[in-house]
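Participant: predicted model and sequence below, questions to follow.
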Protein chains: 2
Amino acid sequence: MTRHDHQLHEGESLKKAARARLTHEGEQWTGMRESVFEALASFEKPASAYDIAETVSKNLGRRVAANSVYRILDLFVGANLARRVESANAYVANQHPACLHDCIFLICDNCGQTVHIDNDSLSSGVREAAKSAGFSAPRPVIEVRGRCTDCEDS
Amino acid sequence: MTRHDHQLHEGESLKKAARARLTHEGEQWTGMRESVFEALASFEKPASAYDIAETVSKNLGRRVAANSVYRILDLFVGANLARRVESANAYVANQHPACLHDCIFLICDNCGQTVHIDNDSLSSGVREAAKSAGFSAPRPVIEVRGRCTDCEDS
DNA sequence: TGTTCGAATGTTATATTGTAACGAACAACA
DNA sequence: TGTTGTTCGTTACAATATAACATTCGAACA
C-alpha cells in the first residue's frame, strides 16, 4: 500500500479544493456546479445521477433535470473531482481532487457502502499489463464486489 | 502473466464445454439456453442483452424478449459460462468455462473490441488488498479502457 | 452602457439497460 | 393421471443515459 502524504479534504475544505482544481482546469465554478458537488459529497455511498438530481432539486427548491446533472458529473469526472463507479452506475466525490490516482473501489453487495483504496503498485501493474497487450492510453477500472465488515455476518 | 495449460474452446467445442459445465452445475441445457449461448458466442465484441435478444429472435424466427435473455445471462454468469463487462453493460462468452479465473478485460474506447487477459498475480493482489481492508468474499472487477492496436492512430 | 458571443443551463423527448409479476408450457416423478 | 417445480412467454414498468434545441447568463469588448 503506497503512502499518501497529500491532504484528505472534507466539507468546506473539500469544496474549496474542488473549486480550485476545476478553475485550474479553465472551467467555471458556477452555482449549479457547486450545488451538484455539494449534493454528491453529501452522500455516504455512491449516488446515481438521479439521486443527485433529486437532492439538488430539494436543496434549490426547483426541479433540476438529471440531464443537467449528467453534464456536470461528466465534467467532474474529467477534471478528477469525481469518480464513476462502473459496477454500480454511480458516482462518488474524489477526496483529493488535486492529485491523480488509479483508485480501487470496494463495494459492499449488501449495503452499498463503498470505500476506496489506493495501491499504486497494483494499479500500475494493471496499466503495464494492458500496455504489454498493445493497449494505449490505458485507464484502469478496478473495483471489488464483496461484503464489508459490518455485513459479513448478516 | 500466468501460464495457461487448459484448453481454449471455440465453436462446437466451446458449446460442448459450456453445456458440460452447466449440466455439471445441476442446471439444464435447454434449447433456449443453447440459442442464447450461440448468439452470445457469435459476437466478436461484448454484446448487450438486447443485442443478444435481437440475434436470438432472428435465429429462431420469433420474438424473444430481453427479459428471458437476462435470466439466462445471469445463469451463465453464475455458472462461469459468460462474463459481464461492467464498464460496457455487456456480456461475453467465457472461452474456458471449466476453470475459474479473475480475468482482466481490455476494452477499446474507439471500436469496442475487447480482449481479456489472465494475470493471477495481479488479480490475487487485488483480492488480497480487498481482504486486508476487511472485505470478505471479494470478486474483483478489473477492466481497462483505452485504445487497441488497430485504433491507436485514428 | 450596451452589444455580442459563447458557455452553461433548461426543457423535452427518446434511447438503452434492467426488474417485477404472473401465467402458460413442459418435464420429472409419485 | 395428478402433482410439483423449473423454464419460458408476456406485459408492464423502473432506472440509467443521451440527443436536440431553446434559453439564460456572464464575460469581453466597442
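Facilitator: Received, thanks.
Participant: strands along chain A, start to end?
Facilitator: A:82-85, A:90-93, A:103-108, A:114-118, A:136-147 (DSSP state E).
Participant: for the ones you listed, give me JSON lines that also has mean neighbour count, mean pLDDT and distance to A:Glu25.
Facilitator: For glycine as for every other residue, the C-beta is placed from the backbone atoms N, C-alpha and C. Putting these into JSON lines (neighbours: other CB atoms under 10 Å in any protein chain shown; pLDDT from 0 to 100; distance: least, CB to CB, whole Å) gives the following:
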{"stretch": "strand A:82-85", "mean neighbour count": "20", "mean pLDDT": "98", "distance to A:Glu25": "13"}
{"stretch": "strand A:90-93", "mean neighbour count": "23", "mean pLDDT": "98", "distance to A:Glu25": "16"}
{"stretch": "strand A:103-108", "mean neighbour count": "22", "mean pLDDT": "97", "distance to A:Glu25": "19"}
{"stretch": "strand A:114-118", "mean neighbour count": "18", "mean pLDDT": "95", "distance to A:Glu25": "22"}
{"stretch": "strand A:136-147", "mean neighbour count": "20", "mean pLDDT": "96", "distance to A:Glu25": "17"}
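Participant: could you point out which of these sits nearest chain B?
Facilitator: Nearest to chain B among these is strand A:136-147 (4.1 Å), distances taken as CB to the nearest CB.
Participant: which strand residues bridge the closest residue to A:Phe135 other than its chain neighbours?
Facilitator: Ranked by CB to CB, 6 or more residues apart in numbering or on different chains and with sequence neighbours excluded, the top spatial neighbour of A:Phe135 is B:Gly146, at 4.2 Å. On the basis of DSSP bridges, B:Gly146 takes part in beta bridges with B:Cys108.
Participant: quick one: residues contacting A:Arg147.
Facilitator: If a contact means CB atoms under 8 Å, 6 or more residues apart in numbering or on different chains, then A:Arg147 has A:108-110, B:135-137 as its contacts.
Participant: residues near A:Ala53, how many?
Facilitator: Other residues near A:Ala53 come to 22 when the count uses other CB atoms under 10 Å in any protein chain shown.
Participant: now A:Gln28
Facilitator: Close neighbours of A:Gln28, defined as other CB under 10 Å, add up to 10.
Participant: so who does it touch?
Facilitator: For A:Gln28, the contacting residues are A:Leu22, taking CB under 8 Å, 6+ apart as the criterion.
Participant: can you map out the helices along chain A?
Facilitator: For chain A, the helices defined by DSSP state H occupy A:11-24, A:31-42, A:49-60, A:66-78, A:120-132.
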